[in-house]
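[1] Sequence first, predicted coordinates after that:
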Amino acid sequence: MQGETRTRLGVAASISASLLFVVVFVLSASLDFTGNEFFGWRTLFTVAMLVVFLSATRRWAGVRSLLKRIAGRPQLGLTLLFTAAMLGVQQWLFTWAPGQGQGLPVALGYFIMPITLALTGRLLFKERLGPWRIAAVAIAGVAVAYQIWQFGGLSWETLVVALGYPLYFTVRRLARIGGSAGLTMELALCLPVALTLLLLDDPTLSTFRDPGSALSLAGFGIVGAAALLLYIGSSQLLPLSVFGLLSYVEPVLLAVAAAFVLAEPTSIEELPTYLAIGVALLLLAIESVHRIRRRRAAGPPA
């Protein structure tokens, strides 16, 4: 019963996180602030809430352990700076793109990302690709080839997401930087850059002195931080297979929000790309469901 409760809570947290990420995505285009302002305040609120989270759950041991590893191997500190920079670029792009009418290219990047992650696992970590994943990768490859043929290539926003995250997760895995402790330190390293960009666009913090603007920015920062905390919580509550399956919800919601809520222009020629990648994600989801059922049928290990 306890396991079922954890799974239900994990599923609820994952879906809630996806919905809140979409809210952040839409607010980035709807509120009258720059991408740098959004990035700065979101990073500040997220670091603050992560500190509260680590204190409330007594998880500072992970941070101390990582700091000790860095003290014993200084090159690990450079690696952490690199992963922090990669994460910062993704966080900035997520809040900058919708306001520039580039939400759909970013959503397409999130569509393609599970495919590039599967390929990364196969090529670098020799992870096995079953028939469902092979079919998904093949269909996605056709979709990307069509996009390149039809439009001359993929946008830089799409490439940053689709290729940047696999690189980020690969470096993290090789350096054994993981969990909420690693994420807290990465975002803490991003904070000076985020605040500098914020001050470049609003050097006197005038928007935060206005009650309406202050309330909007505070709400935005809290929603963004809550989404990340729920995402971390779901990863700790759910089996990896279920967590991976639910990760396909967010790109679909982002694409729907960009197309129908933000009303970003799209052409009929782009639809085959989105449909093909949608089919590829469906195949990955089917493969995940089969894997979960096989594990349940096998029962707990002796």
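    Perfect, thanks for sending it.
[2] Report the helix or strand with the lowest average pLDDT across this protein.
    When each helix and strand of the chain is scored by mean pLDDT, DSSP states H and E, helix 240-246 comes last, with a mean of 69.
[3] Following element in sequence after that helix, please.
    helix 249-256 (DSSP states H and E).
[4] Buried residues of that next one, list them for me.
    By 16 or more other CB atoms under 10 Å, the buried positions in helix 249-256 come out as 249, 250, 251, 252, 253, 254, 255. Using the backbone N, CA and C atoms, a C-beta is placed for each residue, glycine as well.
[5] Now do that helix: everything it contacts.
    Defining contact as CB atoms under 8 Å, 6 or more residues apart in numbering, one finds that helix 249-256 is touched by 14-15, 17-19, 21-22, 25, 103-104, 106-108, 110-111, 113-114, 274, 278, 281.
[6] Sitting in helices, which of those residues do you find?
    14-15, 17-19, 21-22, 25, 103-104, 106-108, 110-111, 113-114, 274, 278, 281 (DSSP state H).
[7] Pull out the buried members of those.
    For these, a neighbour count by 16+ other CB under 10 Å gives the buried set as 14-15, 17-18, 21-22, 25, 103-104, 106-108, 110-111, 113-114, 274, 278, 281.
[8] so where's the stretch 201-302 of the chain uncertain?
    For the stretch 201-302 of the chain, residues meeting the criterion pLDDT under 70 lie at 239-241, 244-245, 295, 298-302.
[9] how about the helices in it?
    206-209, 211-237, 240-246, 249-256, 271-298 (DSSP state H, counting those that start in this stretch).
[10] For the stretch 1-150 of the chain, give me the ranges with low pLDDT.
    Low-confidence regions of the stretch 1-150 of the chain, defined here as pLDDT under 70, cover residues 1-3.
[11] Using neighbour counts, pick out the buried residues of stretch 171-189.
    For stretch 171-189, a neighbour-count test (16+ other CB under 10 Å) marks 172, 175, 177, 179-189 as buried.
[12] Can you name every helix or strand that the helix or strand containing residue 192 contacts?
    Per DSSP H and E, residue 192 falls inside helix 179-201. Judged by 3 or more CB pairs under 8 Å, 6 or more residues apart in numbering; DSSP states H and E, the packing partners of helix 179-201 are helix 35-56, helix 60-72, helix 75-96, helix 211-237.
[13] Need the CA coordinates for it. PDB is fine.
    Output of helix 179-201 as PDB, limited to C-alpha atoms (Å, rounded to 0.1, in the frame of the first residue of the first chain):
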ATOM      1  CA  GLY A 179      20.200  14.700  -7.200                       C
ATOM      2  CA  SER A 180      18.900  17.900  -5.600                       C
ATOM      3  CA  ALA A 181      22.400  18.700  -4.200                       C
ATOM      4  CA  GLY A 182      24.000  18.900  -7.600                       C
ATOM      5  CA  LEU A 183      21.100  20.900  -9.000                       C
ATOM      6  CA  THR A 184      21.200  23.400  -6.100                       C
ATOM      7  CA  MET A 185      24.900  24.000  -6.600                       C
ATOM      8  CA  GLU A 186      24.400  24.400 -10.400                       C
ATOM      9  CA  LEU A 187      21.700  26.900  -9.900                       C
ATOM     10  CA  ALA A 188      23.600  28.700  -7.200                       C
ATOM     11  CA  LEU A 189      26.500  29.100  -9.700                       C
ATOM     12  CA  CYS A 190      24.000  30.400 -12.300                       C
ATOM     13  CA  LEU A 191      22.600  33.000  -9.900                       C
ATOM     14  CA  PRO A 192      25.300  35.700 -10.300                       C
ATOM     15  CA  VAL A 193      24.900  35.600 -14.100                       C
ATOM     16  CA  ALA A 194      21.100  35.600 -13.800                       C
ATOM     17  CA  LEU A 195      21.200  38.600 -11.500                       C
ATOM     18  CA  THR A 196      23.600  40.400 -13.700                       C
ATOM     19  CA  LEU A 197      21.300  39.900 -16.700                       C
ATOM     20  CA  LEU A 198      18.400  41.100 -14.600                       C
ATOM     21  CA  LEU A 199      20.200  44.300 -13.600                       C
ATOM     22  CA  LEU A 200      21.300  44.900 -17.200                       C
ATOM     23  CA  ASP A 201      17.600  45.100 -18.200                       C
END
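[14] what's next to it, contact-wise?
    Under the criterion CB under 8 Å, 6+ apart, residues 34, 36-37, 39-44, 46-47, 50-51, 53-54, 59-60, 62-63, 65-66, 80-81, 83-85, 87-88, 91-92, 172, 177, 205, 228, 232 lie in contact with helix 179-201.
[15] wouldn't residue 63 be in contact with residue 53 here?
    No: if you go by CB atoms under 8 Å, residue 63 and residue 53 don't touch, sitting 11.7 Å apart.
[16] Who are the contact partners of residue 66?
    80, 177, 181, 182, 185.
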